[in-house]
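Visitor: Sequence below, structure please.
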Amino acid sequence: MSDTVTDPSFHPPEAAVAFYEEALGLLKESGIPFLLSGTYAVTAYTGIRRPTKDLDVFCKPGDYPRILAFFQARGFRTDVEDERWIAKVWKDETHFFDVIFAMSNGTIAVSDSWFGEDTIEVYGHEVGITPPTALILSKVFIQDRYRYDGADVNHVILKQSEAIDWKFLLGQMDLYWEVLMAHLLNFRFAYPTERDRVPRWLMTELTGRLRAQVDLPAPRVKVCRGRLFSPRDYIADITEWGFGDIVGKGLEERHEATH
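Guide: The predicted structure follows:
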């Protein structure tokens with residue numbers, strides 16, 4: 001694909017556009033590496049357009065404090081929502097952008113490997129976007145009652161299969177290979193005529209792992225890895241059914257999840 005893709009902005013209110021233009025300009029001025037992701041990247045790679053309320057700015061974990069300090073020095077309000085993965089930069093009580101440096105469940109962090117050559121023209125600026133492989137990594141664990149990004153994963157595979165670094169994807173998901181396999185089976189079901197878009201060697205590798213696992217004894221440590229998908233949807237597993245909490249959400253977050 002071309003290094004520069006079509007502007008997928010969705011004509012938000014004038015004040016929001018002014019903020020996005022200013023924010024992206026300052027991010028470029030800072031010289032700190034960043035990527036635009038979320039809906040903007042999905043649109044760039046698939047052509048699917050849908051409204052979005054904010055900017056998802058991705059950066060490496062070591063760079064997020066520098067981004068926040070840069071904006072704070074220029075009068076913006078900053079907020080470290082969760083030091084494990086997300087912070088925010090606020091212009092006022094309405095306009096903000098997210099600074100994301102890892103997945104919310106702590107499984108994958110943004111790294112140098114996420115920075116490719118694809119760019120997008122958006123709000124008057126040319127900025128980098130997450131490449132297809134990284135975009136999939138950012139979405140595979142988003143599975144709860146309010147949001148499921150499996151369709152985005154399917155659409156990126158459908159439209160960008162040749163641009164996906166499948167070996168890197170498997171390497172990043174090695175500990176969570178069953179999650180990757182589930183997404184690939186979902187893709188095969190959704191697009192039976194397009195199964196060859198996923199490399200044969202990858203499906204052979206994953207099915208081989210499954211065959212080897214079937215006859216193994218169950219693990220002795222009782223944990224609920226569903227918490228990696230959705231802490232709130234699997235709260236009863238931790239509070240009532242005796243499963244270990246692999247995510248480590250605090251008591252306040254647990255209380256909110258039950259209301």
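Visitor: Please report how far Thr239 lies from Gln143.
Guide: Distance, Thr239 to Gln143, by CB to CB, to the nearest Å: 20 Å. C-beta coordinates here come from the backbone N, C-alpha and C atoms, glycine included.
Visitor: Compare these two (neighbour count), which wins?
Guide: Neighbours around Thr239 and Gln143, counted as other CB atoms under 10 Å, are more numerous at Gln143. The numbers are 18 against 14.
Visitor: was I right about the more buried one contacting Gly150?
Guide: Yes - counting by CB atoms under 8 Å, Gln143 touches Gly150, with 7.0 Å between them.
Visitor: which residues do those two both contact?
Guide: Taking CB atoms under 8 Å, 6 or more residues apart in numbering as the contact rule, Gln143 and Gly150 touch no residue in common.
Visitor: contacting residues around the longest helix seen in the chain?
Guide: Secondary structure of the chain read by DSSP state H shows that its longest helix is helix 14-30. Here helix 14-30 makes contact (CB under 8 Å, 6+ apart) with 9, 11-12, 34, 36, 55, 57, 66-67, 70-71, 74, 89, 91, 94-95, 97, 122-125, 127.
Visitor: ok, of these, which come out buried?
Guide: 9, 12, 34, 36, 55, 57, 67, 70-71, 89, 91, 95, 97, 122-123, 125, 127 (16 or more other CB atoms under 10 Å).
Visitor: what's the neighbour count on Arg209?
Guide: Number of residues near Arg209 (other CB under 10 Å) recorded here: 14.
Visitor: The helix or strand where it lies packs against which elements?
Guide: Taking DSSP states H and E as the definition, Arg209 sits inside helix 200-214. Here helix 200-214 touches helix 166-172, helix 177-190, going by 3 or more CB pairs under 8 Å, 6 or more residues apart in numbering; DSSP states H and E.
Visitor: Of the ones you listed, give the one that comes closest to Asp245.
Guide: Among the helices and strands packed on helix 200-214, the nearest to Asp245 by CB to CB is helix 177-190 (18.5 Å).
Visitor: If we ignore the residues flanking it in sequence, what's nearest Arg84?
Guide: Of all residues not flanking Arg84 in the chain, Gly106 sits nearest, at 5.3 Å (CB to CB, 6 or more residues apart in numbering).
Visitor: now do Arg188
Guide: Arg188's closest residue in space is Arg195 (CB to CB, 6+ apart), at 5.0 Å.
Visitor: Ok, Pro199 next?
Guide: Nearest non-adjacent residue to Pro199, counting by CB to CB, 6+ apart: Trp166, 5.3 Å away.
Visitor: From the buried ones among the contacts of helix 14-30, which land in strands?
Guide: Counted as lying in strands by DSSP state E, out of the buried ones among the contacts of helix 14-30, are 36, 55, 57, 89, 97, 122, 125, 127.
Visitor: Report the two of those separated the most.
Guide: So, these by CB to CB: farthest apart are Val89 and Val122, at 17.0 Å.
Visitor: which regions of this protein sit below the pLDDT cut-off?
Guide: Judged against pLDDT under 70, the low-scoring parts of the chain cover residues 1-11, 248-259.
Visitor: which one of the helices and strands packed on helix 200-214 is the most hemmed in?
Guide: Among the helices and strands packed on helix 200-214, ranked by average contacts under mean count of other CB atoms under 10 Å, first place goes to helix 177-190 (a mean of 17).
Visitor: how far is that one from where the chain is centred?
Guide: Averaging C-alpha positions (CA atoms, centre = their mean, to the nearest Å) puts helix 177-190 17 Å from its chain's average.
Visitor: Can you spell out which helices and strands pack onto that helix?
Guide: helix 150-160, helix 166-172, helix 200-214.
Visitor: what's the closest of those to Arg188?
Guide: Smallest distance to Arg188 across the helices and strands packed on helix 177-190 (CB to CB): 8.2 Å, for helix 200-214.
Visitor: what sits up against that closest one?
Guide: With CB under 8 Å, 6+ apart as the criterion, helix 200-214 contacts 166, 170, 177-178, 180-181, 184.
Visitor: Which is the succeeding secondary structure element to it?
Guide: With elements assigned by DSSP H and E, the helix or strand that comes after helix 200-214 is strand 223-224.
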